[in-house]
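Engineer: Next input, structure requested:
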Amino acid sequence: MSSLSRELVFLILQFLDEEKFKETVHRLEQESGFFFDLKYFEDLVQAGEWDEVEKYLSGFTKVEDNRYSMKIFFEIRKQKYLEALDSQDRAKAVEVLVKDLRVFASFNEDLFKEITQLLTLENFRQNEQLSKYTDTKSARSIMLMELKKLIEANPLFRDKLALPAFKTSRLRTLINQSLNWQHQLCKNPRSNPDIKTLFIDHSCAPAGGARVVPPANSPLLGPVPKPGAYPPAGVHGPFQPVLSPSNALAGWMGGGNPPLPHAAMATAPLGLMPHPNAGPFLKHPRTPTSASAIDYQPADSEHLMKRMRVGQLEENCGSALNQGSSVLSLDFHPLQQTILLVGTNIGDIGIWEVGSRERIAHKAFKVRDISACSVTLHAALVKDATISVNRCLWSPDGSLIGVAFSKHIIQTYTFNHGDFRLQLEIDAHVGGVNDIAFSHPNKSLSIITCGDDKTIKVWDAATGQRRHTFEGHEAPVYSVCPHYKENIQFIFSTAIDGKIKAWLYDCLGSRVDYDAPGFVAQQWHTAQMALGEVVLFSCGTSKEGESHLVEWNETEGSIKRTYSGFRKSSLGVVQFDTTKNRFLAAGDEFLIKFWDMDNKDVLATADAEGGLPASPRLRFNREGSLLAVTTNDNGVKILASSDGQRLMRMLESRAIEGSRTSSQPMISKAPIANLSSPMAAAMERPDRALLPSIPMAAGMGSMDSSRMVDVKQRLPDDSDKVRAWKLVDIVDPNQLRALRLSDPTAAVAKIVRLLYTNSGSAVLALCSNAAHKLWKWQRTEGNPSGKSTASFMPQLWQPANGAPMMNDTAEVNPPEKSTPCLALSKNDSYIMSASGGKVSLFNMMTFKVMTTFMPPPPSATFLAFHPQDNNIIAIGMDDSTVQIYNVRVDEVKTKLKGHQKQITGLAFSRLMNVLVSSGADAQLCAWSIDGWEKKKSRFIQPPPGRQGPLTGDTRVQFHNDQTQLLVVHETHLAVYDAKLECLRSWCPRDSLAAPISSAVYSCDGLLVYAGFCDGAVGVLDAGGLRLRCRVAPSAYLAPPPVPCSSSSSSCCSAYPVAIAAHPAEPNQFALGMSDGAVHVVEPPEAEPRWGAPPPPENGSLPPSVPSSSSLSGQQFDGPSR
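Structural biologist: Below you'll find the predicted structure:
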């Protein structure tokens, strides 16, 4: 829900409270979850209305959300239980015990047993801990004090315990201002307007005489508000769509052809090069994924404001991008608002950073394996090798690029650090592939294509396997549009003969056979608006050049609105696009024409300072702040709203600042992931504090504007970049922020495992002596979020009873010889841990052992929770097996055998539905989660110069994209794909020549943090495994008070045994040291990132590269695929 919608709820709450609708107020508080009325909650508790207490709480939290929530519900239900015992209502007490308190048994069986034993006592006060229980009223008051502390500490109640500050009757004031504005827009305003309804816009009845200025003291009028600037649109609509119970396709199936109020039209996909034999038809559908922002203004004033906003686009005609060949298709990245994908008439695709006007990637058309092509494609290419891009687009999450070509094939790419990596090449259709789209039937990503062979096909986006073929059109199919209604997913398709068909994802044929009069193909757009409204548009141009843009009544399958303003005989194929803030735009008559979706008349036009073709192709970015439009000179112009202009200026200034930091011509501009600074985030996503990075293969977000654009054209510049780039070598403490966590305990034991809690507010360490240590950051004035930071010292936390959290070591002597392992539940409520003995399940709040299981032999060596069920645990053992254990039933479900030595790493991929295990035999095994059968195994590849097979601990971790796997061995780091093929590797050398002790991805997947046995830390770019920063031990380790002798001193040889990445701060990591210390490390506040990414390699480095660049380590690629 957008920030404006949230504020509207607060205004409604205020209005209901002022009108004394008390029950409705609290019902809305509960259902919205925006404001928790602590006073109302206290009244319910004091009255003992326990059902209402829990019902109200349920709008804000559930029992299992976190430890605070669990404690809140436990205290309430315990009080309810004690009151039943106190009133001698044993039946009620048993009911509470079974229905309400039983849920806590899985977390603390001993406590549940103790509570159950109270039933056996004549008076529960005979229990020592309850001996001070007096009367019900006092007990409720004491409990309330505890509940208030828990609620205030619970992060789920953050910012929900106080209403925002605004004046009384604010909603009434806004309505009065709106009415006043409507009255000002009346053609014949009266001095005393008669306002009878709010359901329609106010308008005074016509009256004779001149315009009368309304009096200032009119009770329904306030000061006339000034039209604002182009406001940022919200990310989501305010409410969820209301589903109709009717069949999703009923309106389209109900009858023949509804009358069309316009001539026969022909349409074609957006950005599609018209087929030579197809005529001027528009095609490409586009399905925006976000709902629009809520708008509170009346229709007339909104129309005026939209005119102003469109005017800003014309005034802010910004950068021009020179692609070098005619651009036929454009698409902005769905998350990174300034990344533009283009496809051309010679088959090239390119990616531009429109803010810096830099083409960051370019890919010429090439068939991967001509010998594998069909005979017809081979013949077509031999006859005429020219090929064009009919459509290129991003997948909904930005992880894939799909390209449809004018001959037979489609290709999909992942984009990684300036390089396109071909994922799939499919000989999809006979003839041209006219359209391509992405959809998610059955929660898996699919590709939809259509072509000259009159078919529509659905392909698995991961494997390229064909899932469905839809036949039924009698003419070439030129447009497909995946759509859904009432949770039913289907595909609209249109052909050049005017047939519209709809297909479900089955083999039962078309569900709709709709005839549009004349020779028509249609370009479709589905746009999700405010209030969950889904609006369907189409645009077309007939053979005679008559263009029409219409809005459809989806339920009835008829035309709802026809937009006017097109030239009688268009000079080309009209292209159009939509925005979430209710704009339509189309290219016609060498202009860009804009419409308000709710008004059929043209809102405004723009010529973008000239140079446009007769029917320019155009595309908005997701927020509607940037508009890309093609030009006559093989380029693209970018028009920007005020928000888009600010974003462009910010990028330009970053580029200038980057160029000033060195005497070299170019160093490195800000990575794309860092466009989501607080400033940019506030501009683009007002309801979020920070725009999330993009999980693209190994991270689109880590792209950097210093990457080469075109090797042939820019080779000298790229060489300069390689020479200019220099590894950041941090050797002094003032070059970073580092904090050694305080530890007053006398015992010094090596830190062998280290984790951040999922909330990011604590660090958990497991020591070699089987003891656990937990540091928690407190909320303070300097650290209001309570998140971990190197600027404030946390507290070494222990429960009130002071009991340490120790693993079982009865079978191990000494425990230092064991292989410890540690795993944390998703809600931070409990820990699974072992140090050579039994596996222990600890309660994080009390440090008490809830249960133990799996006594040795064999001993557990690695633990991992199942991604979908916390009761299922994969346990790696020292006998080389992986045991799948169900905690709830205390049973080993299966044993996985495939390794030759003990298990040293486990990682689940929910996306691929696999578990990958690694062992001391340096082998990787992939297991299916469904049946636990082995899918594949492979020994990791030794680095260059190393003879014989590898051995030793091997760790694994999946990237955020859940497909790429980081493999860590003391000799090298490597990234493997889903098929366990090595994609890239990095091995230590020069100043980072020591063995690797530990490595981990940053939380956004853009960096890899690696610790070394000499105490150094390396920060690598995750996409290419190129070193961008080295942290020397001297930067974060305090010098010893007495110089160390060369013979022995642990202080001189301390190194990071374990390294952990913060779950929310991508530039923060923690180090668990061999001397028992834990350090939290962050970059300095002045430069909040770790170094700058090196430019992509273009062959071997020139001999003049500074020697420091050799610190980046030696890279070697895996076997060719």
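Engineer: Could you list the low-pLDDT ranges of the stretch 51-200 of the chain?
Structural biologist: The model of the stretch 51-200 of the chain has pLDDT under 70 over residues 191.
Engineer: Where do the helices of it begin and end?
Structural biologist: In the stretch 51-200 of the chain, the helices defined using DSSP state H, counting those that start in this stretch lie at 67-86, 90-96, 109-117, 136-153, 170-184.
Engineer: What are the buried residues along the second one?
Structural biologist: Neighbour-count burial for helix 90-96 flags 93, 96 (criterion: 16 or more other C-beta atoms under 10 Å). The C-beta positions use only the backbone N, C-alpha and C, and glycine is treated the same way.
Engineer: The last one now?
Structural biologist: Using 16+ other C-beta under 10 Å as the burial criterion, the residues of helix 170-184 that qualify are 171, 175, 176, 177, 178, 179, 180, 181, 182, 183.
Engineer: and these as CSV, adding distance to residue 854?
Structural biologist: Below are the buried residues of helix 170-184 laid out as CSV (distance: C-beta to C-beta, whole Å):
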residue, distance to residue 854
171, 61
175, 66
176, 70
177, 68
178, 67
179, 71
180, 73
181, 71
182, 72
183, 77
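Engineer: Which members of these are the farthest-apart pair?
Structural biologist: 171 and 183 (18.7 Å; C-beta to C-beta).
Engineer: Any idea which of the helices of the stretch 51-200 of the chain gets closest to residue 850?
Structural biologist: Residue 850 lies closest to helix 109-117 among the helices of the stretch 51-200 of the chain, at 6.4 Å (C-beta to C-beta).
Engineer: Output the closest one as PDB, nothing but the C-alphas.
Structural biologist: C-alpha atoms of helix 109-117 as PDB (Å, rounded to 0.1, in the frame of the first residue of the first chain):
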ATOM      1  CA  GLU A 109       8.500 -28.800  26.600                       C
ATOM      2  CA  ASP A 110       9.700 -28.500  30.200                       C
ATOM      3  CA  LEU A 111       7.800 -25.400  30.800                       C
ATOM      4  CA  PHE A 112       4.600 -26.900  29.300                       C
ATOM      5  CA  LYS A 113       5.000 -29.800  31.600                       C
ATOM      6  CA  GLU A 114       5.300 -27.600  34.600                       C
ATOM      7  CA  ILE A 115       2.200 -25.600  33.600                       C
ATOM      8  CA  THR A 116       0.300 -28.900  33.100                       C
ATOM      9  CA  GLN A 117       1.300 -30.000  36.600                       C
END
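Engineer: returning to what we had before: of all the helices of the stretch 51-200 of the chain, which lies closest to residue 633?
Structural biologist: Among the helices of the stretch 51-200 of the chain, helix 170-184 comes nearest to residue 633, with 44.0 Å by C-beta to C-beta.
Engineer: re earlier: name the nearest of the buried residues of helix 170-184 relative to residue 819.
Structural biologist: Nearest to residue 819 among these: residue 171, at 63.2 Å, using C-beta to C-beta.
Engineer: can you list the helices of the stretch 51-200 of the chain in CSV and add distance to residue 767?
Structural biologist: Output for these, formatted as CSV (distance: least, C-beta to C-beta, whole Å):
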stretch, distance to residue 767
helix 67-86, 23
helix 90-96, 41
helix 109-117, 26
helix 136-153, 28
helix 170-184, 56
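Engineer: so which of those gets nearest residue 996?
Structural biologist: helix 67-86 (35.0 Å).
Engineer: and that closest one, what does it pack onto?
Structural biologist: Here helix 67-86 touches helix 50-57, helix 90-96, helix 136-153, going by 3 or more C-beta pairs under 8 Å, 6 or more residues apart in numbering; DSSP states H and E.
Engineer: contact partners of the last one?
Structural biologist: Put plainly, it is helix 136-153. 36, 38, 42, 45-46, 48, 68, 71-72, 75-76, 79, 82-83, 86, 133, 157, 161, 779 (C-beta atoms under 8 Å, 6 or more residues apart in numbering).
Engineer: In contact with the residue nearest to residue 90 when sequence neighbours are not counted, which residues?
Structural biologist: Distance criterion C-beta to C-beta, 6 or more residues apart in numbering; nearest residue to residue 90, sequence neighbours excluded, is residue 119 at 6.9 Å. Residues in contact with residue 119 (C-beta under 8 Å, 6+ apart) are 85, 90, 93, 94, 97.
Engineer: ok, now with 10 Å
Structural biologist: By C-beta atoms under 10 Å, 6 or more residues apart in numbering, the residues touching residue 119 are 81, 85, 90, 93, 94, 97.
Engineer: what does residue 858 give?
Structural biologist: 875, 876, 877, 878, 879, 880, 881, 883, 902, 903.
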